[in-house]
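Asker: for reference, the sequence and a predicted model appear below.
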Protein chains: 2
Amino acid sequence: MARLGFVGLGIMGKPMAGHLLAAGHTVAVYNRSPKAMEELAAKGAVACSSCREVAGQSDIVFIMVPDTADVELVLFGENGLAEGLKSGSTVVDMSTISPVATWDFAKRLGDKGIRMLDAPVSGGQVGAEQATLSIMVGGDPAVFEEILPLFELLGKKITYIGGHGTGQTCKAANQTVVAGTIQVISEALLFASKAGADPAKVREALLGGFAQSRILEVHGERMIARNFKPGFRVKLQQKDLNIVLQTARNIGLSMPVTAIAQEMYNSVSAHDGADLDHSALVQALERLAHHQIA
Amino acid sequence: MARLGFVGLGIMGKPMAGHLLAAGHTVAVYNRSPKAMEELAAKGAVACSSCREVAGQSDIVFIMVPDTADVELVLFGENGLAEGLKSGSTVVDMSTISPVATWDFAKRLGDKGIRMLDAPVSGGQVGAEQATLSIMVGGDPAVFEEILPLFELLGKKITYIGGHGTGQTCKAANQTVVAGTIQVISEALLFASKAGADPAKVREALLGGFAQSRILEVHGERMIARNFKPGFRVKLQQKDLNIVLQTARNIGLSMPVTAIAQEMYNSVSAHDGADLDHSALVQALERLAHHQIA
């Protein structure tokens, strides 16, 4: 059995590393704050004092940290993975980060003979805990086939997309659609309400036709019920849209609606809404219109 | 049996009037060009020389014409319905027009004792021909109950929304969601493609989660397959978004994404795309990005 490593034991990483352990793998772990490491060590994980130490004991290292800069630090910072990983070993980055940076990281690791997959997930904390994550994977297809049995310990819908960065690209596209659709549903339901129609009846009528979406179903309901308990937090949606918009600039792409959705989230944050569910985007439009849906 | 009238025998109105005739009703009809009238007269309809003449022979008159100004002309123009309809008769406007104008029309008719329902439809030519339209109805609930058996000859999903104009409001919200979602899906698939991922694989992965929508399914597929044969034409989508944006201005509402979608359709029209399917919005973004999805 391959020796595994796991860096980043937050609300996502800790249960994911736990599933790998539970399947009988040896797992060397590192996390900035020691508490999560201690918990996993009690279940048999090997707590390490640096990423480099994890690398020294692993053939395959998973990363689950918040953002692009964090992944860069884990890989190439002082005492980072790159200092300890041997040629032929594999890095599986399951964080949600920039596709462009991912191309760069894969190339720098490749120069040392280290293989990389980008494998961001959707499904959140519940998906991580119940091992029902959706996993979108980019990189060498042969490496994907090798790692697939490990992905199957973590998630349900596992899709190989293409070369390096395409897992991240797919995740970014997903977050674009989610935020943009929340924006569109907000405009439509607010229009209905301010024009004097019952938004609940309009939502119901629209679900039967081409306007149907999971967002209309779930987030439309939340807007009408004024239930903004997360769910997926505004500040995470902002972080993901930042990746999308930075990448769009890098690759020469104009995304006007995605940019507007981000501005609306910036406004929600300005009104202390950073920790609300992302359906709270509607609040920014409600303030613009001086009218609340419900 | 109530005596029926029908004004506007285009690709929608002609089959709809046909269903009313086929159910055994007498139907007085008027249309600007005589050909459709002659066809229906051959099936038993009474061809009239003006809206006023239709009104003189009808208790309930249906209207199915292109836009707000057309409805106003049919109702209040020279030899219009209002000159011929008796107190207690009913106008059922199934055109897609401005909710604000609808409030006004209903009030002006109401002053003469004429009752009105706004009952715009979705489902297009196929829905009209097969009597499977979705019908969204605003007006007096008692009048709705009276007319319901006639709606059931024309459509399948019939939803009573609320007071005058709310049927139009619901239809406008529907068109907002449809156009806005097409915009969002265009941005996301173009992002995926320009970043080097296969948009077909990304679409497939996204359909399994919160990004799912009928538009991603149907119009996403059209974008990837480069199939822009209508379907629903760009110029009709422009007309409907114009209603939405005019209404938004009237009622004091800011709809930034809907406005951008309209600008994209304006660009598609500028490139001779007014008669393409509304999924052709993606072409405007493709020109901005100097890159085509597929």
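Answerer: Perfect, thanks for sending it. Note that the structure is a prediction, hence the values are computed from the model and not measured. Residues are numbered from 1 along each chain as shown, chains lettered A, B, ... in the order given.
Asker: ends of stretch A:4-19, what's the gap?
Answerer: End-to-end distance of stretch A:4-19 (CA to CA, to the nearest Å): 12 Å.
Asker: stretch A:6-14 now?
Answerer: Stretch A:6-14 end-to-end distance (CA to CA) = 9 Å.
Asker: and if you look at stretch A:72-87?
Answerer: End to end - CA to CA - stretch A:72-87 spans 19 Å.
Asker: again, but for stretch A:33-52
Answerer: 16 Å.
Asker: residues making contact with it?
Answerer: A:5-7, A:9-10, A:13-14, A:17-18, A:21-22, A:26-31, A:54, A:57, A:74-75, A:77, A:79-81, A:83-84 (CB atoms under 8 Å, 6 or more residues apart in numbering or on different chains). C-beta: built from backbone N, CA, C; applies to glycine.
Asker: near chain B, which residues of the stretch 1-150 of chain A are found?
Answerer: A:Pro99, A:Val100, A:Ser122, A:Gly123, A:Ser134, A:Met136, A:Gly138 (CB under 8 Å from any CB of the partner chain).
Asker: how does it look with 10 Å?
Answerer: Counting by CB under 10 Å from any CB of the partner chain, the residues of the stretch 1-150 of chain A lying close to chain B are A:Pro99, A:Val100, A:Trp103, A:Ser122, A:Gly123, A:Gly124, A:Gly127, A:Ser134, A:Ile135, A:Met136, A:Val137, A:Gly138.
Asker: among these, which are in helices?
Answerer: When DSSP state H is applied, those are split such that A:Pro99, A:Val100, A:Trp103, A:Gly124, A:Gly127 fall in helices.
Asker: count of residues packed around the closest residue to the fourth one other than its chain neighbours?
Answerer: To tie it back to what came earlier, the one meant is A:Gly124. Nearest in space to A:Gly124, with sequence neighbours left out and distances taken as CB to CB, 6 or more residues apart in numbering or on different chains, is A:Phe232 at 6.4 Å. Using other CB atoms under 10 Å in any protein chain shown, A:Phe232 has 21 other residues around it.
Asker: A:Phe232 contacts A:Tyr265, doesn't it?
Answerer: No. The criterion here is CB atoms under 10 Å, and A:Phe232 misses it with A:Tyr265 at 11.5 Å.
Asker: shared neighbours, these two?
Answerer: Both A:Phe232 and A:Tyr265 are in contact with A:Ala179, A:Ile182, A:His278, where contact means CB atoms under 10 Å, 6 or more residues apart in numbering or on different chains.
Asker: buried only: go through those for me.
Answerer: A:Ala179, A:Ile182, A:His278 (16 or more other CB atoms under 10 Å in any protein chain shown).
Asker: the second one reaches A:Ala280, doesn't it?
Answerer: Spelled out, it's A:Ile182. Yes. Under the criterion of CB under 10 Å, A:Ile182 is in contact with A:Ala280, at a separation of 9.1 Å.
Asker: okay, and the common contacts of those two?
Answerer: A:His219, A:Arg222, A:Met223, A:Gln237, A:Met264, A:Tyr265.
Asker: check those residues against chain B, which are close?
Answerer: Answer for these near chain B (CB under 10 Å from any CB): A:His219, A:Met264.
Asker: could you list the low-confidence segments of the stretch 1-150 of chain A?
Answerer: Within the stretch 1-150 of chain A, no range satisfies pLDDT under 70.
Asker: so which elements touch the helix or strand containing A:Phe144?
Answerer: Counting by DSSP states H and E, the element that carries A:Phe144 is helix A:141-151. Contacts defined by 3 or more CB pairs under 10 Å, 6 or more residues apart in numbering or on different chains; DSSP states H and E place helix A:141-151 against strand A:60-63, strand A:90-93, strand A:115-118, strand A:133-138, strand A:155-162.
Asker: and that helix with strand A:155-162, angle?
Answerer: 170 degrees (axes from the mean of the first three to the mean of the last three CA atoms, to 10 degrees).
Asker: ok, and what's touching helix A:141-151?
Answerer: By CB under 10 Å, 6+ apart, helix A:141-151 touches A:2, A:4, A:19-20, A:23, A:25, A:60, A:62, A:90, A:92, A:94, A:115-117, A:119, A:121, A:133, A:135, A:137-140, A:158, A:160-163, A:167.
Asker: picking that back up, what's the closest of the helices and strands packed on helix A:141-151 to B:Gly110?
Answerer: strand A:133-138 (54.1 Å; CB to CB).
Asker: any buried residues in the closest one, and which?
Answerer: For strand A:133-138, by 16+ other CB under 10 Å, it's A:Leu133, A:Ser134, A:Ile135, A:Met136, A:Val137, A:Gly138.
Asker: before we move on, what about stretch A:1-19?
Answerer: A:4-10, A:12-19.
Asker: swap in stretch A:83-91?
Answerer: For stretch A:83-91, by 16+ other CB under 10 Å, it's A:Glu83, A:Gly84, A:Leu85, A:Ser89, A:Thr90, A:Val91.
Asker: max pairwise distance over those: which two?
Answerer: A:Glu83 and A:Thr90 (16.3 Å).
Asker: skipping its backbone neighbours, what lies nearest A:Val282 in space?
Answerer: Using CB to CB, 6+ apart, the closest residue to A:Val282 is A:Ser186 (4.0 Å).
Asker: I misspoke; the intended subject was A:Thr176.
Answerer: Counting by CB to CB, 6+ apart, A:Thr176 lies nearest to B:Ala188, which is 4.3 Å off, once chain neighbours are set aside.
Asker: count of neighbours near that neighbour?
Answerer: B:Ala188 - counted by other CB under 10 Å - has 32 other residues nearby.
Asker: quick revisit: give me the distance between the helix holding A:Phe144 and the centre of its chain.
Answerer: 20 Å (CA atoms, centre = their mean, to the nearest Å).
Asker: next structured bit after the longest helix belonging to chain A?
Answerer: Ordering each helix of chain A by length in residues (DSSP H) puts helix A:166-194 first. Scanning forward in sequence from helix A:166-194 by DSSP H and E, the next helix or strand is helix A:199-207.
Asker: what angle sits between that next one and strand B:133-138?
Answerer: Using the same axes, to 10 degrees: helix A:199-207 against strand B:133-138 is 170 degrees.
Asker: now check helix A:199-207, is it near chain B?
Answerer: Yes. On the criterion CB under 10 Å from any CB, helix A:199-207 is in touch with chain B at A:Pro199, A:Lys201, A:Val202, A:Arg203, A:Glu204, A:Ala205, A:Leu206, A:Leu207.
Asker: which residue is the nearest non-sequential neighbour of the third one?
Answerer: Read it as A:Val202. A:Ala192 (4.2 Å).
Asker: A:Leu85 too?
Answerer: A:Ala55 (4.4 Å).
Asker: neighbours of that neighbour, how many?
Answerer: A:Ala55, neighbours per other CB under 10 Å, totals 28.
Asker: ok, now A:Val29?
Answerer: 28.
Asker: circling back to that earlier point, among the shared contacts of A:Ile182 and A:Ala280, which are in helices?
Answerer: A:His219, A:Arg222, A:Met223, A:Gln237, A:Met264, A:Tyr265.
Asker: neighbour-wise, which of those leads?
Answerer: Greatest neighbour count in these, by other CB under 10 Å, goes to A:Met223: 29 neighbours.
Asker: since that was my last question, I'll sign off now.
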